[in-house]
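**Q** sharing a sequence plus its predicted fold:
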Amino acid sequence: MEHSGVGGQAVDAYRKALATAASAAAYAVMARGVARELLPPELRAAARWASSALLARLGRIKKERRTLVVRSQQAAAGAGREENLLFDAARAYLASRLDPRAMRRLGLTLARAKDDDGRATWRKVLFLEPGDSTVDVFDGVRFHWACVEAPSGGGGGKKKARRGEPGTGGDRDFVLELSFDAEHTEFAMDQYVPFVMEAAEEVEERDRALKICMNEGRTWYRVNHHHPATFDTLAMDPDLKRRIVDDLDLFAGRRDHYRRIGKAWKRGYLLYGPPGTGKSSLVAAMANHLRYDLYDLDLSHVHLNTSLQWLLVGMSSRSILVIEDIDCCSDAMSREDGKAAARAGDGGADDEIGNGAASDSDAPLPPPAKSKSKSKNDQGFPASEGVTLSGLLNFIDGLWSTSGEERIIVFTTNYKERLDPALLRPGRMDMHIYMGYCGWDAFKTLARNYFLIDDHALFPEIQALLAEVEVTPAEVSEMLLRSDDADVALRGLKELLEEKKQEAVPEGKQGEEGAGKA
Ligand SMILES: Nc1ncnc2c1ncn2[C@@H]1O[C@H](COP(=O)(O)OP(=O)(O)OP(=O)(O)O)[C@@H](O)[C@H]1O
C-alpha cells in the first residue's frame, strides 16, 4: 500500500528511522562480538583506554578551573610597585611559541635596530592582543593563556607600555591570565611556571647580541661582539678542539657541582704559542660557543688596585675575562725584582691539563706593559698595592666564589717559558692549551673555510711541505685570502711554503738534497 500526503510521508520516514536504528544496533552488537572473537586482549585494553580518555576529554568542560592573573607590576612591601618578572618572561615565552599559521589574530611588531657596525637589523615580535588567547601544551597538560583588559590601575601592562614596545597592548591596561584544570595547580606552580621562566631566559640569551668590553679607568666600554670565529672555522688539531669544547660544555653545566664542592664556578685557560696561531680566535670561538660576553682587560690601563676591583665587580655573569700577552708582565717583573725570569713549562707539549711547574713565588705585578698594539705604561701599581697575576687569581677566586655565577678567565702568551711559575702551578689555570703551527688537519679546515673544498691537485705537495716548514695559520689564511680562485691561492701558498723551506736550509747546505727540514 501506498501512502500519500503529509501523514503518509511522516509514517514512511518514521519506519525508515526505525529500520536504520535497528540495523545500527545490530551492527554494534555484531561488531562487539567480532571484536571479542578477533581482537587480542591488549588491543581491547588499548581501545578501552582510548574511549575513557575521550570521555574524560569530553567531560573536561565541567572540570573545575584555576586562573593565575599575571600583572606587569605588583604592590611592593614598602611604597611603590615592583616589576613582575613572570609577566615579562611570559610575554617573551609566548612570543617564541605563537604560531601565526594557527591563529586568526595576532599582534606583530617589527623593531629596527642598528648594531655597532652600522648594519640595520629587523626583529619580529609576535604577541597576544587584549581579547586574544592561545593554548600551550606542556607535558600533556593544556595551559590556556589569555590577554585580558584590566581595570585601570590594576597593575596591568599600561605601566610598562612604551612607544612601539611589543605586547603592551598600546594604551590599554591589560593582564595575562593563565588557566588550567584545578587538578594541575601544583604542576602549574612547580613545573610549568619555572619552565616558562627558564624558556624565556633562553630566548633572551639566544636573541641578545654578545658584547666585548674594554676597560678604561674603572669602567668597561661595551660594543657588540661580531667575531666570526667558531670552533668549526678554527684551524687546529681536531682532538684538542674536541677536548676544549667538551671541557667548556662540562663547565657550563656544572652549577650544582661547583656549589656542592664550595668552589667558585670559574675555569681558567692558558693559551700559548707563536703569534698568529689563533689564540685570540680561540677566545672568540669560546665566547661564541658559550654565548658569553668578553671582557678584554688591558692592564696597562689599570693604575690602582681599587680600579681593578671595580672592574672585576662590574663584570656580568656568563662572561670571559681575557688578559692578553701576560708574558709582558712577567718580563717587566723580572726586570723590577732583579729576578731571573721564571722558566717553567715545556714550551711545546699539547694541552697539558694542570701540568704546570710548582713554585711559591708570588712576585708583585710589574708596571703593566702590553706588547704590540697595546700601549705601554710605566705608572704601574703603587708599591703598597702591588698585585700579582696569581694574586689576581686568588682575588678573583674570593670575589667570584660569592657570586655563584659562571665565569671564565683566559690568559694568552707567546712565551709560556717566561711566565712566573706561580701562575703555572696546578690549580691556577685549569687547562694549558698550546696553539701551534699549521699542520695538515688545520690546513684542511682553512681550505674548507675559504673555498669549500676537501681536495685539490696541489694538496699532496702542500701536505708534504707543511710537514717540513713552520707556518702559522695566520700566514696560511693570508695566502688563501689573496684570490677567490682556489688554484691561484693554493699555488701562492705552495710558493710561500717552498720559500720557507729554502730559508730554513742552513747556509752552505743550500741546494743539498733533503736539507733544511724545520
Ligand atoms: N687557528 C686558526 N684558525 C683559523 N684562523 C686563524 C687561526 N690562527 C690564525 N688565524 C687567522 O689569523 C688571524 C690572526 O690570528 P689570531 O689573532 O687569532 O692569532 P693569535 O695567536 O692570537 O696572535 P697574537 O699572539 O699575535 O695575538 C685571525 O684573524 C685568523 O684569520
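**A** Perfect, I can see it now.
**Q** count the neighbours of the residue of the chain found nearest the ligand for me.
**A** Residue of the chain nearest the ligand, by Cβ to the nearest ligand atom: G278 (2.6 Å). Placement of C-beta: from N, CA and C, glycine included. Counted with other Cβ atoms under 10 Å, the burial measure for G278 works out to 24 neighbours.
**Q** same question, S133
**A** Neighbourhood size, S133 [other Cβ under 10 Å]: 14.
**Q** how about it, nearest residue that isn't a chain neighbour?
**A** Closest residue to S133 in three dimensions, ignoring its sequence neighbours and counting by Cβ to Cβ, 6 or more residues apart in numbering: A146, at 3.8 Å.
**Q** surely the one you found touches V175?
**A** No. The criterion here is Cβ atoms under 8 Å, and A146 misses it with V175 at 9.2 Å.
**Q** more neighbours, these two?
**A** V175 (22 against 18).
**Q** wait, a strand at that one?
**A** Yes. Residue assignment for V175, taken from DSSP: H, G, I helix; E, B strand; the rest coil, places it within a strand.
**Q** please renumber so the chain begins at 3
**A** All right, first residue 3 from here; so that's V177.
**Q** tell me what it is bridged to.
**A** Counting by DSSP bridges, V177 is bridged to V150.
**Q** I'd say it and V71 touch.
**A** Yes. Contact status for V177 versus V71: in contact at 5.5 Å, counting by Cβ under 8 Å.
**Q** and the helices in the stretch 203-352 of the chain?
**A** Using DSSP state H, counting those that start in this stretch, the helices of the stretch 203-352 of the chain run over residues 240-254, 257-263, 281-292, 307-315, 329-339.
**Q** cool, the stretch 53-202 of the chain as well?
**A** 87-99, 187-189, 195-209.
**Q** which residues does the last one contact?
**A** This means helix 195-209. 70, 87-88, 90-92, 94-95, 97-98, 125, 140, 293 (Cβ atoms under 8 Å, 6 or more residues apart in numbering).
**Q** near the ligand, which residues of the stretch 103-252 of the chain?
**A** By the criterion of Cβ under 6 Å from any ligand atom, the positions of the stretch 103-252 of the chain lying close to the ligand are 236-238.
**Q** just the contacts of helix 195-209 now: which is nearest V473?
**A** Using Cβ to Cβ, the shortest approach to V473 within the contacts of helix 195-209 belongs to R293, at 32.6 Å.
**Q** show me what from the stretch 353-502 of the chain comes close to the ligand.
**A** By Cβ under 6 Å from any ligand atom, the residues of the stretch 353-502 of the chain that approach the ligand are 416, 437, 475-476, 479.
**Q** now do the contacts for T69.
**A** Under the contact definition (Cβ under 8 Å, 6+ apart), the residues listed for T69 are 179-181.
**Q** in CSV: these, plus neighbour count and pLDDT.
**A** Converted to CSV, these look like this (neighbours: other Cβ atoms under 10 Å; pLDDT from 0 to 100):
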residue, neighbour count, pLDDT
E179, 16, 95
L180, 20, 96
S181, 17, 96
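**Q** one step back: just put the residues of the stretch 103-252 of the chain next to the ligand in a markdown table and tack on pLDDT.
**A** Formatted as a markdown table, the entries for these read as follows, by pLDDT from 0 to 100:
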| residue | pLDDT |
| --- | --- |
| L236 | 95 |
| A237 | 95 |
| M238 | 93 |
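**Q** closest to G494 out of those?
**A** Relative to G494, the closest of those is A237; by Cβ to Cβ it sits at 17.5 Å.
**Q** wait, that closest one touches L448, no?
**A** Yes. Taking Cβ under 8 Å as the contact criterion, A237 and L448 are neighbours in contact, 4.8 Å apart.
**Q** excluding chain neighbours, what is closest to L460?
**A** By the measure of Cβ to Cβ, 6+ apart, the closest residue to L460 outside its immediate chain neighbours is L492, 4.5 Å from it.
**Q** and that neighbour, what does it touch?
**A** Contacts here follow Cβ under 8 Å, 6+ apart; on that basis L492 touches 449, 458, 460, 464, 482.
**Q** please identify, among these, the one with the most neighbours.
**A** A449 (24 neighbours).
**Q** grab the nearest non-local neighbour of it.
**A** Across the structure, with Cβ to Cβ, 6+ apart as the measure, the residue nearest A449 apart from its sequence neighbours is I455 (5.6 Å).
**Q** one step back: tell me the most buried of the helices of the stretch 53-202 of the chain?
**A** helix 87-99 (a mean of 19; mean count of other Cβ atoms under 10 Å).
**Q** okay, that one in CSV with CA atoms only?
**A** Extracted as CSV, the C-alpha positions of helix 87-99 are listed here (Å, rounded to 0.1, in the frame of the first residue of the first chain):
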residue,chain,number,x,y,z
LEU,A,87,59.4,39.1,36.3
LEU,A,88,56.8,36.5,35.3
PHE,A,89,54.9,39.0,33.2
ASP,A,90,58.0,39.8,31.0
ALA,A,91,59.0,36.1,30.9
ALA,A,92,55.5,35.0,29.8
ARG,A,93,55.5,37.6,27.1
ALA,A,94,58.9,36.6,25.8
TYR,A,95,57.9,32.9,26.1
LEU,A,96,54.6,33.3,24.2
ALA,A,97,56.3,35.4,21.5
SER,A,98,58.5,32.4,20.8
ARG,A,99,55.6,29.9,20.8
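**Q** which helix or strand contains the residue nearest to L460?
**A** Under DSSP states H and E, the secondary-structure element containing L492 is helix 488-506.
**Q** in that helix, what counts as buried?
**A** By neighbour count, and taking 16 or more other Cβ atoms under 10 Å as the criterion, the buried residues in helix 488-506 are 488, 491-492, 495, 498-499, 502-503.
**Q** do the same with stretch 424-433
**A** So stretch 424-433, judged by 16+ other Cβ under 10 Å, has buried residues 424-427, 430-433.
**Q** may I see the residues you listed organised as a markdown table, with secondary structure, distance to W222 and pLDDT added?
**A** What follows is those, written out as a markdown table (DSSP: H, G, I helix; E, B strand; the rest coil; distance: Cβ to Cβ, whole Å; pLDDT from 0 to 100):
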| residue | secondary structure | distance to W222 | pLDDT |
| --- | --- | --- | --- |
| A424 | helix | 27 | 78 |
| L425 | helix | 24 | 80 |
| L426 | helix | 28 | 82 |
| R427 | coil | 30 | 79 |
| R430 | coil | 25 | 79 |
| M431 | coil | 23 | 87 |
| D432 | coil | 25 | 89 |
| M433 | strand | 26 | 93 |
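**Q** which regions of this structure lie under the pLDDT threshold?
**A** Judged against pLDDT under 70, the low-scoring parts of the chain cover residues 3-64, 77-82, 115-122, 153-174, 331-390, 403-406, 507-520.
**Q** please name the bridge partners of L112.
**A** With beta bridges defined as DSSP bridges, L112 has these partners: K126.
**Q** ok, it touching T123?
**A** No. Applying Cβ under 8 Å as the test, L112 and T123 come out as separate, 10.7 Å apart.
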